[in-house]
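**Q** This is a predicted model, with the sequence first.
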Amino acid sequence: MPGRRPLRHPARIVPLAFLAAIAVGTALLALPAAKAGPGGAPLITALFTATSAVCVTGLITVDTPTYWSPFGQGVILALIQVGGFGVMSLGALLGLLVYRRLGLATRLVAQAETKTLALGEVRSVLWRIALTVAVFELVTAAALSARFWLGHGMDA
């Protein structure tokens, strides 16, 4: 089908984005630098951990603080952030569909007929989600840091 861009279809973008995040996470967790001990993690362990982190399920097959190095733990944290953002974005976009009271089938037919994606609307929603998440995380991190520092005498 010449001239078509199958990756721009909304129904394909979300699962492909999750698969890409899982693939990158698996590759990074399989590196020797991601494991606390010598050598790299087995591919199945890296894949399971990356999938669990991106899908925000919290399942593990190894003890995260002892098995993974600080680099590996950072990769896992980043995958959790990406997965959480994906879940929130998908929920917000589905809410936007419901709010507009226009069924998904109708929107997809209209999109196919007009060959548009209304990306401006989607981008503004995603930017608002990212900004809201960043503000909440910064405020929470500041509050917890202050509490740990003042209340428990911990170093920063």
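**A** Thanks, I have it.
**Q** Now the helix or strand where Ala141 lies: average pLDDT?
**A** Here Ala141 sits within helix 119-152, counting by DSSP states H and E. For helix 119-152, mean pLDDT rounds to 84.
**Q** Quick check, Leu47 in contact with Ala27.
**A** No: if you go by C-beta atoms under 8 Å, Leu47 and Ala27 don't touch, sitting 9.8 Å apart. Every residue, glycine included, has its C-beta placed from N, CA and C.
**Q** For these two, work out which one has more neighbours and name it.
**A** Leu47 (18 against 15; other C-beta atoms under 10 Å).
**Q** Please state the backbone phi and psi of the more buried one?
**A** Phi and psi for Leu47, reported as degrees, to the nearest 10, are phi -60, psi -50.
**Q** so what's it closest to, chain neighbours aside?
**A** Excluding its sequence neighbours, the residue lying closest to Leu47 (C-beta to C-beta, 6 or more residues apart in numbering) is Thr26, at 4.7 Å.
**Q** now swap in Val56 and tell me
**A** Here the residue nearest Val56, using C-beta to C-beta, 6+ apart, is Gly83, at 4.7 Å.
**Q** From the contact counts, what lies against the helix holding Ala141?
**A** helix 70-99 (3 or more C-beta pairs under 8 Å, 6 or more residues apart in numbering; DSSP states H and E).
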